[in-house]
Each structure stands twice: as C-alpha cells, then as structure tokens.
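> sequence unknown, structure follows:
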C-alpha cells in the first residue's frame, strides 16, 4: 500500500459515477428520518423522550450505513424504518393504557427545586450536580434560587420553572458564574449567606465558620435577593 495514494483516499476502486449514488442514498436516508419525525408527531429533538431518542439513534445508524455503503440495499432499510415506526406506535399505545409501563419507559418528572432550595435527594438519585442546572436557570432569566418557587426536570430533559411574585422573592443562592459567585469557608463579613450545595439560607457573623444544617456543607456564598425583571 502506498501512503497518501490520492486515488485510494478519495475514491478507492469506485467509479466517479458512484458519487451520484451516494447523493441519492443520502437523500433517501434524510427522507426516511424526516418522515419518521413527521409521522411520529415530533417537532424537534428537544421534545424527544429517552425511548424516542433510542429509536431515532437506531434509525440514524441504519440511515448512515445506507448513505455510503454500496453493499447495503435500500429495501431492508425501509423495513427497518417500518419496524421501528410500528414499534414506536405499539409502545405509545401501551404507554397510554399503562401508567406503570409509561413511567418505566420514560420516567417521571422530578422536582429539583422547591421553595428556593435544591432537592438533594433528587439530585443524588439522578447523579446530577446542582451546577449542571445553573446555565439552564440563567438562560431562563433566573439570578438566584430565591426567585424560584418550584423547578421540575421534565422527562424530555427540559426544566420547568415556577416563580415567586416579585414582592415575595426571598434571599437565595446565586446561579451566576463562579467569578461572580465567590464561596467562603470563613465568611468575610456579617450577612445572609446561602449554602453553595443546597441553597440553605443562614445569617453568619463576620469571620465565622458555619456548617449547613441541611446538607453539612461548609462552603457559603453571599445570598442575593433581587426580584426578577418584569
């Protein structure tokens, strides 16, 4: 074998006309995946549940193979599409008649914020760090947890937030980036601080160490109490 053999690297033994077949196969794969999303009623990937994502990835793998492997015929891929669509419809039908099966397939919405505090058992069960939600909260206009009455992680991965009215917003843990959210083991001044792990609010005297009574964390951040912009 010759290194940097451009004929082998670019086309190998295939004729130039095979590029047209590749284009047709790619169009076929695109249409198959697009039709699946249209027929299944999905409008976007963010709406996909775990089960639907598995189906799409399986179909995508088959569609990818048929796009450029000359020895993969088109009709078997069509059979894969039909089988997956039938499986999807059957699963959705069973889920609509069985709450237990639906919960097993797609899971349940999980409360991750309640009354301005993180629900630690939910985060631990999901094996997710609280920091993973900070960006999502910032994108939705949240500056600190005291603005949030209830936060729910939906089965499709989205986070639904329900806010306190501006006049009843309470102090909360900042969700700003680390450079704007310094943490302390020994607080620099007397103020109201928020536990950096669970959001518990506590008044701490200057240069004091404190242990969070809720999660036993020793890191504290200055609590914010700004209302959400109207």
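That came through fine. Bear in mind the structure is a predicted one, so any value in this text is a computation, not a measurement.
> am I right that residue 151 falls within a strand?
Yes: with DSSP: H, G, I helix; E, B strand; the rest coil as the criterion, residue 151 is part of a strand.
> and it, how many neighbours does it have?
25 (other Cβ atoms under 10 Å). Bear in mind the C-beta positions are built from the backbone N, C-alpha and C, glycine included.
> and for residue 162?
By other Cβ under 10 Å, neighbour count at residue 162 equals 10.
> what sits against it?
Shown in contact with residue 162 (Cβ atoms under 8 Å, 6 or more residues apart in numbering): 148-151.
> switch the cut-off to 6 Å
By Cβ atoms under 6 Å, 6 or more residues apart in numbering, the contact set of residue 162 is 149-150.
> distance check, the residue nearest the centre of the chain against residue 106.
The centroid of the chain falls nearest to residue 157 when counting by Cα atoms, centre = their mean (4.2 Å). Noted for residue 157: a distance of 11 Å to residue 106, by Cβ to Cβ, to the nearest Å.
> packing partners for the helix or strand of the chain with the lowest mean pLDDT?
One helix or strand of the chain scores below all others by mean pLDDT, DSSP states H and E: helix 6-10, with a mean of 71. Contacting helix 6-10 under the criterion 3 or more Cβ pairs under 6 Å, 6 or more residues apart in numbering; DSSP states H and E is no other helix or strand.
> quick thing: my sequence starts at 18, can you match it?
Sure, I'll start numbering at 18, so the last one becomes helix 23-27.
> beyond it, next helix or strand please.
Remark: after helix 23-27, the chain's next helix or strand is helix 35-57, criterion DSSP states H and E.
> for that following helix, what is the average pLDDT?
Average pLDDT, helix 35-57: 77.
> packing partners for whatever helix or strand comes next after it?
Per DSSP H and E, helix 35-57 leads on to helix 67-85 as the next helix or strand towards the C-terminus. With contacts taken as 3+ Cβ pairs under 6 Å, 6+ apart, helix 67-85 sits against helix 35-57, helix 91-114.
> ok, 7 Å please
helix 35-57, helix 91-114, helix 116-123 (3 or more Cβ pairs under 7 Å, 6 or more residues apart in numbering; DSSP states H and E).
> can you lay out those as JSON lines showing mean neighbour count and distance to residue 158?
Converted to JSON lines, the helices and strands packed on helix 67-85 look like this (neighbours: other Cβ atoms under 10 Å; distance: least, Cβ to Cβ, whole Å):
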{"stretch": "helix 35-57", "mean neighbour count": "14", "distance to residue 158": "30"}
{"stretch": "helix 91-114", "mean neighbour count": "14", "distance to residue 158": "33"}
{"stretch": "helix 116-123", "mean neighbour count": "13", "distance to residue 158": "28"}
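> can you list those helices in CSV and add distance to residue 242?
What follows is these, written out as CSV (distance: least, Cβ to Cβ, whole Å):
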stretch, distance to residue 242
helix 35-57, 44
helix 91-114, 43
helix 116-123, 37
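> tell me who's in contact with residue 180.
By Cβ atoms under 7 Å, 6 or more residues apart in numbering, the residues touching residue 180 are 164-166, 245.
> in those, find the pair that's most separated.
166 and 245 (11.5 Å; Cβ to Cβ).
> tell me the spacing between residue 177 and residue 171.
6 Å.
> which of those two has more neighbours?
Per other Cβ under 10 Å, whichever of residue 177 and residue 171 has more neighbours is residue 171, with 14 against 11.
> residue contacts, the more buried one?
126, 177.
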